[in-house]
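In: sequence? don't have it. structure:
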């Protein structure tokens, strides 16, 4: 529980500084946002690694092919990274670039998902052969 208190405290302190500096020093305010997000991301990495290990272990226990687990985890990672990047750029007031980051993230997800869709379609065709 101590971890969440630390994270929320850092977020609140950063928000106060940003609100105080936003009008007079917008560059410094944005730098505070960027550094806070970077700190939170680095803090989170240790927990993400534990989750990845657990998901990989559970997938192996369920006899799910490693390729599928790896692909799904990559898709989740891309979605989070694209969202974080997009939000940082939005905070800088650059909505149009943020939208492009989101679009490119979605395209990368589709590219990663293509082999899974192909495998799914092949499985369906093999279950219900066309005469």
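Out: Looks like it came in fine. It should be emphasised that the depicted structure is a prediction, and the values quoted were computed from it without experimental measurement. Numbering: from 1, shown residues only.

In: mind listing the helices in the protein by residue range?
Out: Per DSSP state H, the chain carries helices over the ranges 2-21, 26-61, 66-91, 95-127.

In: Need these in CSV (columns: mean neighbour count and mean pLDDT).
Out: All C-beta spots, glycine's among them, are computed from the backbone N, C-alpha and C. Shown next, in CSV, are these (neighbours: other CB atoms under 10 Å; pLDDT from 0 to 100):
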stretch, mean neighbour count, mean pLDDT
helix 2-21, 12, 90
helix 26-61, 13, 88
helix 66-91, 16, 90
helix 95-127, 13, 92
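
In: phi, psi of residue 63?
Out: phi 60, psi 40 (degrees, to the nearest 10).

In: Apologies, that question was intended for residue 64.
Out: The phi/psi pair for residue 64 (degrees, to the nearest 10) is phi -90, psi 130.
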